[in-house]
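Visitor: Return atomic coordinates for the entry below.
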Amino acid sequence: MNFKKISLLILILLIADQLLKIWVKTHMHLDESIIVFPNWFQLRFIENNGAAFGMHIASKGGFDWGKLLLGVFRIIMVCLIGWLMHHLLHRRKDTPKGVIVGLALVMAGALGNIIDSAFYGLIFSESTPYTVAHFGGHYAGFMMGKVVDMFYFPLFQWNNVPRFLSFLVDSNNYFFGAIFNLADAYISVAVVYLLLFQYKFLSK
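Guide: Residues are numbered from 1 along each chain as shown. Below is the predicted model of the structure:
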């Protein structure tokens, strides 16, 4: 797999992520849901200030230092992955295609969420439970925008969940109640694939 092909793959993944996020942000109210498959799959629009799957990095004071640090971390990660992919493509001819594709997924996912944080606050009005966002607004500064999430799979309710497993359910006790986006999915799928199927190569 050459550099042009992997660049095209990253671009396609990134465009798909951004098109879905932009559609959700400009067509749905905050916390609005669209039932795709009853009882297990919804498009539910939320925004988060933090990490993947709606998590948030708390920070004290008026300025969101946690969000800024997360943005810087993502940018550093993208640079490192870019360097690693370049090294593997040009110096390690034995690199499996799966490793390159996995790294491309991680890079596309990181870039997708970086774009939200960096630019959405500058180009969109604020989403609220009563108004749909539109282009041309300005609700936050550079790197202070919110990440758009929409995939929600309330598979089943797990009542009386043990306290040490409470992180597996949402506020309504639905198992895997996290709401996430395509970028999060790219990263999660890639990491699981690389750890399970490319561990031997990566450990060399």
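
Visitor: What is the host helix or strand of residue 73 packed up against?
Guide: In the assignment (DSSP states H and E), residue 73 maps to helix 65-91. Contacts defined by 3 or more C-beta pairs under 8 Å, 6 or more residues apart in numbering; DSSP states H and E place helix 65-91 against helix 3-27, helix 97-115. Where you see a C-beta, it was placed from the backbone N, CA and C, and this is true even at glycine.

Visitor: contacting residues around the last one?
Guide: Outside of helix 97-115, the residues within contact range by C-beta atoms under 8 Å, 6 or more residues apart in numbering are 1, 6, 9-10, 13-14, 17-18, 21, 52, 71, 74-75, 77-78, 81-82, 84-85, 88-89, 147, 181-187, 189-191, 193-194, 197-198, 201-202.

Visitor: swap in stretch 15-28?
Guide: The contact list for stretch 15-28 (C-beta under 8 Å, 6+ apart) reads 34, 43, 45, 108-109, 112, 115-116, 120, 124, 127, 132-135, 148, 150, 181-183, 186.

Visitor: contact partners of the lowest-mean-pLDDT helix or strand in the chain?
Guide: Ranked by mean pLDDT, DSSP states H and E, the weakest helix or strand in the chain is helix 199-202, scoring a mean of 84. With C-beta under 8 Å, 6+ apart as the test, helix 199-202 has contacts from 95, 96, 99, 194.

Visitor: between the residues you listed, which is nearest residue 39?
Guide: residue 194 (32.6 Å; C-beta to C-beta).
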